[in-house]
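> take this sequence and fold it.
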Amino acid sequence: MKQLFFILLLITALFSTAQDMNKQSIHQFKVTDLYGNEFDFATLKGKKVMVVNTASECGLTPQYEQLQEVYDQYKDKNFVIVGFPANNFGAQEPGSNEQIATFCKKNYGVTFLMMSKISVVGDDMHEVYQFLTQQTKNGLEDSQVAWNFQKYLLDENGFLVKVIHPKVLPNAEEIINWITQ
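Down below sits the predicted model:
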């Protein structure tokens, strides 16, 4: 009986190790920012990262204000926010990258990283969001982007650790606790 238990334990450990070996990091990706410049996620090694899909004409758009506040408070503590504008939900991000940049700066003083507009759902889903939403790639869980302002929390190694619903504010206790732990 002890041998059977040991064998099951060994198989479980090997399976778990194999899963971890397949787990990818966001640090493998390069994307384009709102200004047309290449951004390499590998430059964020050693920092906690919140990735959030954004939209300028959404009822949740005021979250830009809290995102900026959280960024201002923790940017010097190895924390960054990366926004990805997306027009997938109710056509609430119709503008060009230039218009989005102007809107974010003028209305919310956004200084955190903003990337070019992408798709976060569907057949044309961007590869970063394929990583964020597929357990076979992120090693944590399958998820679907429910709406604008869904948040993905990644640790200092670029591994996904938590998915936060769009209605949870960026300054929610669970997020601040994660940043400061």
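> show me what contacts the residue most central in space within the chain?
Centroid-nearest residue in the chain: V51, 2.4 Å away (criterion: Cα atoms, centre = their mean). Contact partners of V51, counting by Cβ atoms under 8 Å, 6 or more residues apart in numbering, are 26, 81-84, 128, 132, 151-152, 154. (Glycine included, C-beta is placed from N, CA and C.)
> assign it to helix, strand or coil.
Following DSSP: H, G, I helix; E, B strand; the rest coil, we place V51 in the strand state.
> low pLDDT regions in this structure?
By pLDDT under 70, the weakly predicted segments of the chain are 1-21.
> one more pass at 80, please.
Low-confidence segments of the chain (pLDDT under 80): 1-22.
> just the helices in it please.
2-22, 63-74, 97-108, 127-133, 135-138, 173-180 (DSSP state H).
> just how off-centre is the fourth one within its chain?
Counting by Cα atoms, centre = their mean, to the nearest Å, helix 127-133 is centred 9 Å from the centre of its parent chain.
> name the helices or strands packed onto it?
Using 3 or more Cβ pairs under 8 Å, 6 or more residues apart in numbering; DSSP states H and E as the contact test, the elements touching helix 127-133 are strand 48-54, helix 135-138, strand 160-164.
> mind checking which of these is nearest I179?
I179 sits nearest to strand 48-54 of all the helices and strands packed on helix 127-133, at 6.1 Å, using Cβ to Cβ.
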